[in-house]
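Student: Next come a sequence and a model predicted from it.
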Amino acid sequence: MMRWGPELLADDRTAFRLWAPDADAVTLELEGLPPVDMAAGEGGWFSAEAAVGADTRYRFRIGDMAVPDPASRAQDGGVNGWSIVVDPDAYPWRSDWAGRAWEETVVMEVHAGTCGGFRGLADTLPEIAALGVTAVELMPVNAFGGTRNWGYDGVLPYAPADSYGSPEDLKALVDRAHELGVSMYLDVVYNHFGPDGNYLNSYASGFFHPEVKTPWGGAVAVDEEPARRFFIDNALMWLQEYRFDGLRFDAVHAIANDAFLDAMAAEIRATVKRPVHLVLENEHNDSDRLAAGKYDAQWNDDFHNVLHVLLTGETDAYYADFTDRPAERLARCLAEGFIYQGEASANQDGKTRGKRSAHLSPTSFVAFLQNHDQIGNRALGERLTLLTSAAKLRATTVLLLLGPQIPLIFMGDETGSETPFLFFTDFHDELADAVREGRRDEFRKFAAFDEPAERATIPDPNCVDTFERSRVQPGPAADTWRAFYTELLTLRRERIVSGLKHASSLGAKALGDAAVSARWQLGDDVLTIVLNLGSEPVRVPEGPPLYASGEPGAADSCAVWLA
């Protein structure tokens, strides 16, 4: 079976290959050199060797169309430009990194483009490490159309976006993080391709199943060996060549092929000879994927959604599934992981969602109050600092950072940022119009945007200002928020983490309409948390708490006991 992408055979010789089963002939074009006819092989593969080495610009010509290598390791001129041969072993690694145990994980999700690219983010790593964050998770960095994007419109999954920096810059970022004791995770998208720069369908239509619909078009045909290999090798590249410590698989419910996912996870575990962590985003709350032990955790949207209702009172769209008995729902989330474990979802037209999850460890769930989706998929990108009171936000942050689920914070949370994080792209002409209008149309279900004039106020994703406004700025009480986060993460590291490996729930219950009490066994200790977002006080355990935000049991408070 041929593998995707160029392969350096020697300093001055490279093998090129392309799966193009719909093409009659393929020519390899090398910048400044004569073209090379590629040999047709079995199964639609074309191959050629050339006397060129690293840094060579190349592309493929099929008929009158010049296309980049879909497995390009770097691009010159964006996703429609020349691909570049990269030496995967050229970077001189400095750190000798053994990784971190999963239960130690505290994640900060970061968008590299808004932080000044890979080099700019590397400069901020000492500050992130000092906070107590143990893992930085990058939103997708694969090449996309234009110079600014969330990353989920990527079309060249092997190539870091050149607007963020070079492959060497990304490796230097990972290296610097490891020197500081910080793990690096990467969000990868294996369920679709973006609309600008994706040429696969023109010469390899078998890469997709057009009859299987996803929100982004025809499903990727991961049951076909070339497509299957394309993504598995991509995952291995990030973990081996770039030394990432883990991957977050975006929207696996849109892949709808558990056999592929499990085979990829198994091959990763068998191939990468050091600890790596694999995390799912799965709207279906499929606990079977977690119980099998192939993955470390899943993003727990239920945790966010029910707390968002309690913090803001919002009930539009998917929040409608969490407005009835929110304290009871939160108690189930804290005790069992998922809230929806087979119940019907009103927001999904009565379809059932989820499977039983009480048997799973609390560390099988990644909890968050905010992330790129939950801020950026708001029409105006507002953060919780603008949607709820500081007291309520502090109380729920205590629950997040001292609870046993794996906590994730979004860049800027730690400084109380009030900067929006908006949806931004860099498309042009008809595609730009379609994205702008499609984005605004998404908010028809929201009462604040049910009229055309109101939807017209939603920022244009393609406007440069939309991107610039999304660069994180510290909030007005930044020092106070940073000290608060640092104190909590110190307590987590010193008092909570040691008991998480074998943590188990001892139950949780609602203490009214907006208050809960939850208990967990952490080794020899019992962790108790009482969160009260209501107006009336509730009863709390006797004795001094390990930590309290507000008076224990009082309105807008959260208190923690460890005994």
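Tutor: Thanks, I have it.

Student: switch to C-alpha atoms for all contacts and neighbour counts from now on
Tutor: Will do.

Student: show me where the protein has helices.
Tutor: With helices called from DSSP state H, the chain shows them at 117-131, 167-179, 200-203, 225-240, 258-271, 287-291, 301-312, 326-336, 372-376, 390-402, 429-441, 452-455, 464-468, 478-491.

Student: Only C-alpha atoms, please: export the first one in CSV.
Tutor: Spelled out, that is helix 117-131. What follows is helix 117-131, C-alpha atoms only, in CSV (Å, rounded to 0.1, in the frame of the first residue of the first chain):
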residue,chain,number,x,y,z
GLY,A,117,1.4,32.5,15.3
PHE,A,118,3.6,29.7,16.7
ARG,A,119,6.5,32.1,17.7
GLY,A,120,4.1,34.5,19.4
LEU,A,121,2.5,31.7,21.4
ALA,A,122,5.9,30.3,22.4
ASP,A,123,6.7,33.6,24.0
THR,A,124,3.6,33.3,26.2
LEU,A,125,4.3,29.8,27.4
PRO,A,126,6.2,30.6,30.6
GLU,A,127,3.2,32.7,31.7
ILE,A,128,0.8,29.8,30.9
ALA,A,129,3.0,27.3,32.8
ALA,A,130,3.3,29.6,35.8
LEU,A,131,-0.5,29.7,36.0
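
Student: Compute the mean per-residue pLDDT across it, please.
Tutor: Averaging pLDDT along helix 117-131 yields 98.

Student: and if you look at the longest one?
Tutor: Mean pLDDT, computed over helix 225-240, is 97.

Student: Contacts made by it with the rest, please.
Tutor: By C-alpha atoms under 8 Å, 6 or more residues apart in numbering, the surrounding residues in contact with helix 225-240 are 3-4, 19, 71, 157-158, 188, 190, 207, 220-222, 244-247, 260, 264, 267-268, 272, 276.

Student: same check, this time on the first one
Tutor: Counting contacts by C-alpha under 8 Å, 6+ apart, the residues outside helix 117-131 that touch it are 112, 115, 163-165, 169-170, 172-173, 176-177, 180-182, 482, 485-486, 489.

Student: Compute the first-to-last residue distance for stretch 536-554.
Tutor: This stretch, stretch 536-554, spans 7 Å end to end (C-alpha to C-alpha, to the nearest Å).

Student: I'd guessed Arg482 sits against Glu414; true?
Tutor: Yes. Using C-alpha atoms under 8 Å, Arg482 is in contact with Glu414, at 5.3 Å.

Student: When the two are compared, which one has more neighbours?
Tutor: Glu414 (22 against 18; other C-alpha atoms under 10 Å).

Student: Now for that one: which residues touch it?
Tutor: By C-alpha under 8 Å, 6+ apart, Glu414 lies in contact with Ala478, Trp481, Arg482, Tyr485.

Student: Among those residues, which one has the most neighbours?
Tutor: Most neighbours among the contacts of Glu414, by other C-alpha under 10 Å: Tyr485, with 22 neighbours.

Student: Tell me who's in contact with that one.
Tutor: Counting by C-alpha under 8 Å, 6+ apart, Tyr485 touches Leu131, Glu414.

Student: ok, back up a step: give me the buried subset of the contacts of helix 225-240.
Tutor: 3-4, 19, 71, 157-158, 188, 190, 207, 220-222, 244-247, 260, 264, 268, 276 (16 or more other C-alpha atoms under 10 Å).

Student: Which of those fall within strands?
Tutor: If you go by DSSP state E, those have Trp19, Pro157, Tyr158, Val188, Val220, Gly246, Leu247 in strands.

Student: Give me the neighbour count for Ala554.
Tutor: By the other C-alpha under 10 Å criterion, the neighbourhood of Ala554 contains 21 residues.

Student: ok, now the one 3 residues further on?
Tutor: Under the neighbour criterion other C-alpha under 10 Å, Ser557 is assigned a count of 26.

Student: distance of it from Leu200?
Tutor: Using C-alpha to C-alpha, Ser557 is found at 54 Å from Leu200.

Student: tell me the centre residue of the chain?
Tutor: With distances taken as C-alpha atoms, centre = their mean, the residue of the chain nearest its centroid is Asp187 (4.1 Å).

Student: Bridged to it, which residues?
Tutor: Arg248 (DSSP bridges).

Student: for it, what are its contacts?
Tutor: Asp187 sits next to Glu137, Leu138, Met139, Pro140, Leu247, Arg248, Phe249, Asp250 when contact means C-alpha under 8 Å, 6+ apart.

Student: Now, of those residues, which are buried?
Tutor: Of the contacts of Asp187, these count as buried by 16+ other C-alpha under 10 Å: Glu137, Leu138, Met139, Pro140, Leu247, Arg248, Phe249, Asp250.

Student: Quick check, the first one in contact with Leu186.
Tutor: Yes. With contact defined as C-alpha under 8 Å, Glu137 reaches Leu186; the gap is 5.4 Å.

Student: Skipping adjacent residues, who's closest to Trp45 in space?
Tutor: Leaving aside its sequence neighbours, Trp45 sits nearest to Trp19 (C-alpha to C-alpha, 6 or more residues apart in numbering; 4.4 Å).

Student: That neighbour against Ala204, yeah?
Tutor: Yes. Using C-alpha under 8 Å, Trp19 is in contact with Ala204, at 6.9 Å.

Student: Identify the residues contacting Arg148.
Tutor: Gly113, Ser163, Phe424, Thr425, Asp426, Phe467.

Student: Can you name the residues bridging to Ala39?
Tutor: Beta-bridge partners, per DSSP bridges, of Ala39: Ser47.

Student: Read off the pLDDT value for it.
Tutor: pLDDT, read off for Ala39, is 98.

Student: And for it, the neighbour number?
Tutor: Ala39 is flanked by 14 other residues according to other C-alpha under 10 Å.

Student: ok, it to Gly206 distance?
Tutor: Ala39 is 20 Å from Gly206, by C-alpha to C-alpha.

Student: distance of the residue nearest to the centre of the chain from Phe249?
Tutor: Applying C-alpha to C-alpha to Asp187 and Phe249 gives a distance of 6 Å.

Student: Kindly report the same for Cys115.
Tutor: In this view, Cys115 and Phe249 are 23 Å apart by C-alpha to C-alpha.

Student: before we move on, what about Asp55?
Tutor: From Asp55 to Phe249 the distance is 30 Å (C-alpha to C-alpha).

Student: cool, Leu290 as well?
Tutor: Where Phe249 is concerned, Leu290 sits at a distance of 13 Å (C-alpha to C-alpha).

Student: What of Lys392?
Tutor: For Lys392, the distance to Phe249 - C-alpha to C-alpha - is 31 Å.

Student: And for Glu454?
Tutor: Shown here: Glu454 relative to Phe249, a distance of 35 Å by C-alpha to C-alpha.
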